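Peer 1: next input, structure requested:
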Amino acid sequence: MLLVRLTSYCLLQYNACLTNPLFSSLIDAFATPIKEDNDPTTFIDQSTNGIGTKPSRLYTYNAFFESLRSLCVDGILGDSYHNVKNPYYNVGTGSQSGNSGSNEFVNDNENMAFYISQNNDQQQGGSADSSGTNQSRDNSLKYAIVNICAFLANAMVESIQYDACEEFNGMVSGLDYDKLIKNTAASNGSEEGNDGNEGLNGILSELNGVNGRYFPISNACGQFGRSYQEEQCYDVPTTGSSSGNSDIDMSFACPANPNLSMTAATHSKYNYQQTNTARTSDQPPPPLYCGKKQTSDGYSGMWDGYSIEFIQKVAYPSTVGRIDTEACCFWGRGMLMTKSTCGLGRINHYMGKAAYNDNRPSRYPNLNFCQFPSIICGVTNAQLNGATYPELRYVVALFHWIDRVQSYSSSSWTYMDELKSFVDGGMKDTDESFIDTVSSVLTGGCDGYYCSMQSIHFLEERRRNFNILIHDIFNLDGNFAMPEQPQPKFDFDYAMRWLHKMRSRIEGNIFVSKNAALDGVSYFSQAYRYEPFLSALRTTGYFGVGEQRFFFISDEKKGLRGFNAGLANLAFFFANVMAESIANDSCNEAHWDVQKGSQYSIANSCGQNGRDYGSEICPPWQSFMTCAVDTNAEMQAELPRTLEPPFVVDAQPPPFQCKPGTTPAGSWDITTQTLNNNDPTFTNSYGRTDIQGCCFYGRGAMLTRGSCNYGKVSKHQSLFLST
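Peer 2: From the prediction side, this is the model:
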C-alpha cells in the first residue's frame, strides 16, 4: 500500500492541464492525509524494525516530483550539454558545479519525455464512445495520472518499501507481514515473542538465502537466475515482433570491467552491521560488493546468517554459478532498481558520458554510469571532486520507465494504446490485466505472465498499490472502495502464479545441494534451477506428454481441495528428486553401491543395488517400448561441476560409462582414491564385470534408469513432439 501524504506542488506545466478542473483534484489528492503519517513530504518505508511504517529517508515527495517535472516538461535532453554546441566545463568542488545546461535540444526528435498527455490527444488518437465522441480529449489528464500511478505502484515495491537505493544480498521477494509483525514484536521484547532474538529470524526469513541461512557473496553478479554483467542489450521491441527480446544492440551495454571495485550502501535492516551488538545471532548478509580477483582462487565466499560468519575464500556458487565478484558491479540501483550492463548502459548511452563523447546532447556529460554506477545513490569519488547528484535515484528510474515501459510495443500489446484503453474503459478495479502486464514488461521485458521465467515479485502488492492510487488517492472514478476479492479459480494458472510467488522458498530450500568441500553446507544447485523446472512443469502440466499424460498440479473442479492435492503431488515429486539428484547436484547417476567394504565397481553403470538396467524390459503389453541394448554404444556421464575443482580437491571415482568389449572394468578404491583396472574378479552387485551395453544408468531429476523406462520416455516424447 502507498502510505503517503503528497503536498500541493505544481507538476503539469501545460495550459491544458492547468485549466482542467481535474488538475485541482489532483493537487488536492496530493495533499490528502493518508493513514497516520504526520510528515506531508515523504513516501513511506515499510522496512522499519518497529511495527507499522515510518517516513522514507531516501524518497521524498518534493524531490521526486521535481525530477518528474523535469522529465515531463523538458524530456531526457533538457538541461543538457553538447560537446560542440554547449561544452561542459567542470569548475568548483564539493557539489554539482560547472556551466549551465541548455534546453536547446528539447525539440529534437530523439528526445523522450515522461508521458503526461503532452501534445493534444486529438493528434494522438484515442478510443471513441458509443456516441462517437473522442474520449481522449476528456481523459488527457487521467492518462497522465494513471501513467504516474503505474510507475509509483511498481516503485513502491522495488525500493520505497525497503527505503533502499541499492539492491541487497538475498533481495526480498515477498514479505510475510503477519510473521514480520509477530517476529518484530518478539525482537522488541513484546509478550508475543519468547525472547529478543526470536524476532530476528523474521529478517532472514524475508531474504532469499539457501535454507534461509547461507548467502553467496557472488550474488552481486545477479540474483533470481539473472547474470547482470552478461545480459545482452535488447532494443525496445517494435510492432510486429513477438517478444521483448528482439533487435539486439550490444552498443548500449556497459563493458563488464574486471578492474571496478565498489560496495553498496549499508541498509539499516537488511545488511549486517558490526556495531549492532544487540544481535547475537541471525544476521542478514553484508552489502553487495564487487572487486577484481587478486589470485586465481580469489573466491568471494559466503555469509552464514545463523553464526554471523563471513566464510571467505571458498568456492560457494550463486544461482548462476558465480564464485567471485569480478566485474559484478551492476546490481540494482534507484527507485526501480535499474540493473545490469544493459540497463545501466542505456542510461549512459542516452543521458551520460557516452552520449557526450558521441557528440550527442547529454544531461550528465561527466558521469560514466558504466564506470561508476554508485553515483546513482549518492556515492561520490575524487574524480567527481566530491559532487553528488541526489536526483539521480529518481531520474534513472523515470528514464527506465520512459525507455522500457512507455516505449514498449509488441505484436500483441502496446503500452500507450493499452493505457488509453484502460482509462477510456472506465478503469475498472476488477481489471487487473493492465497493471499485471505493465509489471511484466518492467520486470521481465515482455507482455505476458508466462512470457518470462522471471517471477513478478509482490504482484498482489503492485495491484493493490495501483488501485489505491487511481481510485482512492486520486479518486479518478468517483466513489471507491477496495473491491472484495472474488473466490479464486484454483486452476492451472492459479497454481503457476502461486509457484512464481513462492520462488524464493523453492529456490532456497528445494533446489539446494550439498558441497563436499564445505563439510556438507548447502548451496544453490547448479544443475537444477527454478526457471528450467518451471518451464518443464508448464509443458507437462498444461500440454502434457505423449498420449494425454499430464503432470497433475490442480483440479479446478474440486476448488481448494484440488489445488492442495496438486501441491501434495508436487511435494511427493520434490521429496524424491531432492534425494535422487538435487542433493548431489548431478544429472547423472553416481557411484553409491559399495562392494567389499570400500570399493566401487566400475560396472556399477550396468546397475546398482542388484539391478541390471539393460535387462529390465517392459511388461508384455508394453514390450514394444523396450529399448534394445546396443553393444557398440559408447558414452560417458558428466561429473557435476561441484565434484570438480575448485569445489573439491580430492580425486573422484570416474563417471559412469559404457563401451564395447567384455574386458573387466575394474574398481575404484574409496580409501586410497585409486583406480584398479582390469580386475577380472571384481563385479557389481548383479555380477557384471564389464560395461558393454551398460548405457541405461540414471539420468535427470528422478534418475530415470533401465531399458524399459528409457523406451517409454522415447515413445511418449516422440508422440508429444510429433503433435
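
Peer 1: sketch out the low-pLDDT regions of the stretch 551-700 of the chain for me.
Peer 2: 649 (pLDDT under 70).

Peer 1: repeat that for 90
Peer 2: Residue ranges of the stretch 551-700 of the chain with pLDDT under 90: 584, 596-597, 638-653, 673, 676-682.

Peer 1: ok, now the stretch 401-550 of the chain?
Peer 2: 411-412, 425-432, 444-445, 447-461, 464, 467-489, 497, 500-505, 514-521, 543-549.

Peer 1: what's the answer for the stretch 201-350 of the chain, then?
Peer 2: 201-209, 211-212, 224-225, 231-252, 266-284, 293-298, 305-309, 311-315, 320.

Peer 1: which parts of it are strands?
Peer 2: For the stretch 201-350 of the chain, the strands defined by DSSP state E, counting those that start in this stretch occupy 214-216, 234-235, 246-248, 262-263, 289-290, 302-304, 309-311.

Peer 1: do the stretch 601-723 of the chain as well
Peer 2: Under DSSP E, counting those that start in this stretch, the stretch 601-723 of the chain gives strands at 635-636, 657-658, 667-669, 674-676.

Peer 1: ok, residues contacting the first one?
Peer 2: In this case it means strand 635-636. Residues from elsewhere that reach strand 635-636, judged by CB atoms under 8 Å, 6 or more residues apart in numbering: Pro655, Phe656, Gln657, Cys658, Cys695. In this view, the C-beta of every residue, glycine as well, is placed from N, C-alpha and C.

Peer 1: which parts of the stretch 451-600 of the chain are helices?
Peer 2: With helices called from DSSP state H, counting those that start in this stretch, the stretch 451-600 of the chain shows them at 459-467, 492-501, 503-509, 530-538, 559-580.

Peer 1: would you turn those helices into CSV with mean neighbour count and distance to Val648?
Peer 2: Below are these laid out as CSV (neighbours: other CB atoms under 10 Å; distance: least, CB to CB, whole Å):
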stretch, mean neighbour count, distance to Val648
helix 459-467, 21, 40
helix 492-501, 18, 33
helix 503-509, 21, 23
helix 530-538, 17, 25
helix 559-580, 15, 21
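
Peer 1: related to what we said a few turns ago, make TSV from the strands of the stretch 201-350 of the chain and add distance to Gly75 to it.
Peer 2: Conversion of these to TSV gives the following (distance: least, CB to CB, whole Å):
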stretch	distance to Gly75
strand 214-216	40
strand 234-235	19
strand 246-248	23
strand 262-263	30
strand 289-290	32
strand 302-304	43
strand 309-311	45
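
Peer 1: thinking again about what came up before, quick one: the helices of the stretch 451-600 of the chain as CSV, columns for distance to Tyr316 too.
Peer 2: Listed next are the helices of the stretch 451-600 of the chain as CSV, based on distance: least, CB to CB, whole Å:
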stretch, distance to Tyr316
helix 459-467, 31
helix 492-501, 26
helix 503-509, 14
helix 530-538, 18
helix 559-580, 20
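
Peer 1: so which of those is nearest Met171?
Peer 2: helix 503-509 (9.0 Å; CB to CB).

Peer 1: what separates the closest one from the chain centre, distance-wise?
Peer 2: Put simply, helix 503-509 sits 12 Å off its chain's centre (CA atoms, centre = their mean, to the nearest Å).

Peer 1: what number of residues lie near the residue nearest to Tyr494 when sequence neighbours are not counted?
Peer 2: Distance criterion CB to CB, 6 or more residues apart in numbering; nearest residue to Tyr494, sequence neighbours excluded, is Pro488 at 5.7 Å. Around Pro488 there are 13 other residues, counting by other CB atoms under 10 Å.

Peer 1: right, and Pro488 touches Trp498 too?
Peer 2: No: using CB atoms under 8 Å, Pro488 makes no contact with Trp498, being 9.7 Å away.

Peer 1: what do those two both touch?
Peer 2: By CB under 8 Å, 6+ apart, no residue touches both Pro488 and Trp498.

Peer 1: coming back round to it: can you lay out the strands of the stretch 601-723 of the chain as CSV showing mean neighbour count and distance to Thr443?
Peer 2: CSV is the format used below for the strands of the stretch 601-723 of the chain (neighbours: other CB under 10 Å; distance: least, CB to CB, whole Å):
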stretch, mean neighbour count, distance to Thr443
strand 635-636, 13, 41
strand 657-658, 20, 44
strand 667-669, 21, 48
strand 674-676, 14, 50
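
Peer 1: any chance of those strands in JSON lines, with distance to Met156 too?
Peer 2: Below are the strands of the stretch 601-723 of the chain laid out as JSON lines (distance: least, CB to CB, whole Å):
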{"stretch": "strand 635-636", "distance to Met156": "53"}
{"stretch": "strand 657-658", "distance to Met156": "55"}
{"stretch": "strand 667-669", "distance to Met156": "57"}
{"stretch": "strand 674-676", "distance to Met156": "60"}
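
Peer 1: which among those strands is found nearest to Asp297?
Peer 2: Closest to Asp297 of these is strand 674-676 (CB to CB; 26.0 Å).

Peer 1: can you tell me the strand partners of the closest one and which way each runs?
Peer 2: Next to strand 674-676 in the sheet, as set by DSSP bridges, lie strand 667-669 (antiparallel).

Peer 1: so what touches the partner strand?
Peer 2: By CB under 8 Å, 6+ apart, strand 667-669 touches 591, 595, 598-602, 653-654, 674-676, 679, 682.

Peer 1: among the residues you listed, name the buried ones.
Peer 2: His591, Gln599, Tyr600, Ser601, Ile602, Pro653, Pro654, Phe682 (16 or more other CB atoms under 10 Å).

Peer 1: what's the farthest-apart pair in these?
Peer 2: Maximum pairwise distance in the buried ones among the contacts of strand 667-669, criterion CB to CB, is 14.2 Å, between Pro654 and Phe682.

Peer 1: list the contacts of the residue sitting nearest the centre point of the chain.
Peer 2: Among the residues of the chain, the one closest to the centroid is Phe224, at 4.2 Å (CA atoms, centre = their mean). By CB under 8 Å, 6+ apart, the contact set of Phe224 is Met171, Ser173, Asn208, Thr319, Gln454, Ser455, Arg503, Ser504, Glu507, Tyr530.

Peer 1: got TSV for those, with distance to Ile160 too?
Peer 2: What follows is the contacts of Phe224, written out as TSV (distance: CB to CB, whole Å):
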residue	distance to Ile160
Met171	14
Ser173	16
Asn208	20
Thr319	26
Gln454	21
Ser455	20
Arg503	22
Ser504	20
Glu507	25
Tyr530	27
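
Peer 1: His457 reaches Asn154, doesn't it?
Peer 2: No: between His457 and Asn154 there is no contact under CB under 8 Å: 10.6 Å.

Peer 1: run me through the strand neighbours of the strand of greatest length in the chain, direction for each.
Peer 2: If you go by DSSP state E, the chain has its longest strand at strand 54-60. According to DSSP bridges, strand 54-60 has the following sheet partners: strand 42-45 (antiparallel).
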